[in-house]
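Asks: Build me a model from this:
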Amino acid sequence: MRKINWGIVGLGNVAHSHLRTFKKLENARLKGIASRNSRNLKNFKKKIDIEDLFCFSNYEDLIKSSEIDIVYIALPNSYHYEWIDKCIDYRKHILVEKPITENFFQIEKIKNKLIKEKSKVSIYEGFMYKYHPHIKKVMELINNNEIGEITKIVSRFGINLLTKKKFGFFKKKKRIDKEGRLFNKSLGGGSILDLGCYPVSFTTMLLEKFKFTNFDDYKIFYKNVEIGETGVDIDAKIEIKINDKIEIELLSSFKKNIGSATEIYGSDGSIEISNTWTGSSNIFLNKNNNKEIVNFDEIDDIYFDQLNIISNNLLNNNNGQNLDNILLNMKIIDQWLN
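Replies: Numbering: from 1, shown residues only. Model (predicted):
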């Protein structure tokens with residue numbers, strides 16, 4: 001059975017969190033890794049069996065390897081555009097950490113390059129939640145008009161990283177790490193690019209069915225962005241109206257534990273998601289004065305479905321994500337940030 005050969009550039013925390021996923025995949029293997037930090041390269045190799053020949057200290061050497069089918073770009077936001085561009089040059093498929101780029105201008109250039117070169121490169125943005133069972137169920141409910149036409153969406157993602165000791169692989173130090181990616185402006189840090197991009201992407205995903213795919217449909221009537229001591233946003237809110245029919249409220253924070261819930265209101269009912277992003281969630285369907293609870297088992301590996309489906313897509317020559325939707329996301333994020 002043919003397997004998809006993956007390569008990873010950047011061996012930080014998020015790359016390490018994918019290790020056990022690669023070990024479980026039957027349709028793919030982690031073939032190569034690249035890091036400019038020799039210690040990171042050595043430590044990563046200890047955890048998974050990779051030939052020395054495919055352990056690179058130079059990102060481009062991995063990308064141009066004829067053995068690599070797809071590159072996972074697990075680098076800080078400020079490096080995404082450069083290495084997406086390089087992957088396209090070498091005709092390598094791409095999974096890039098979210099958000100896909102730092103701004104709309106960069107992803108627009110990528111799209112134009114793909115069109116100009118008639119490239120067959122598939123690009124995927126690293127929103128693992130889109131592949132989870134509870135999100136698929138929500139999309140099924142929306143597409144089946146279970147709550148009618150959407151009238152309002154409220155979605156949030158916020159973790160108090162200023163005082164909370166640990167959340168996932170976020171570890172609180174005695175002082176804010178100004179050099180780390182989360183709080184460093186030059187690395188594309190800030191709560192909107194790191195967490196706020198989740199509610200933005202989910203909102204546009206929910207509204208695709210209703211053909212609201214043009215930014216001109218989205219009117220921003222309120223936004224508030226608090227800048228922290230390192231120059232990045234640490235708490236933010238944006239309110240949007242679509243064609244004067246649908247109200248959108250999105251929140252992100254490094255300052256407050258506002259959780260990860262989403263509420264979707266419709267003309268005939270509503271849907272509540274208790275934990276939108278990390279897989280262990282219940283769905284509450286409110287309709288006709290009744291509340292139905294749809295329970296889902298906790299997901300053991302939040303990255304498995306994403307990597308498995310992408311690998312199957314490549315094996316079957318299926319296309320990547322719709323870049324028009326990603327462009328819309330980045331346009332909204334740009335307006336929120338600036």
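Asks: Grab the nearest non-local neighbour of Glu298.
Replies: Nearest non-adjacent residue to Glu298, counting by Cβ to Cβ, 6 or more residues apart in numbering: Ser280, 3.9 Å away. For every residue, glycine as well, the C-beta is placed using N, CA and C.
Asks: the helices in the stretch 101-250 of the chain, which residues?
Replies: With helices called from DSSP state H, counting those that start in this stretch, the stretch 101-250 of the chain shows them at 104-116, 133-143, 191, 197-207.
Asks: Now the residue nearest to Glu298: phi and psi?
Replies: In terms of degrees, to the nearest 10, the main-chain angles of Ser280 are phi -100, psi 90.
Asks: And the pLDDT at it?
Replies: Note on Ser280: pLDDT of 71.
Asks: before we move on, back to that, most tightly surrounded among the helices of the stretch 101-250 of the chain?
Replies: Of all the helices of the stretch 101-250 of the chain, helix 191 carries the top mean neighbour count, a mean of 28, counting by mean count of other Cβ atoms under 10 Å.
Asks: if we can go back for a sec, out of the helices of the stretch 101-250 of the chain, which gets nearest to Gly266?
Replies: Distance to Gly266, taken as Cβ to Cβ, is lowest for helix 133-143 among the helices of the stretch 101-250 of the chain, at 8.3 Å.
Asks: Let me know the average pLDDT across the closest one.
Replies: Helix 133-143 carries an average pLDDT of 95.
Asks: Give the full set of residues in contact with Ser280.
Replies: Taking Cβ atoms under 8 Å, 6 or more residues apart in numbering, we find Ser280 in contact with Phe296, Glu298, Ile299.
Asks: Highest neighbour count among the residues you listed?
Replies: Neighbour counts for these, by other Cβ atoms under 10 Å, peak at Ile299, which reaches 19 neighbours.
Asks: Skipping adjacent residues, who's closest to that residue in space?
Replies: Gly279 (3.4 Å).
Asks: Can you report how many residues neighbour the one you found?
Replies: 23.
Asks: Also Lys47?
Replies: When neighbours are counted by other Cβ under 10 Å, Lys47 comes out with 11.
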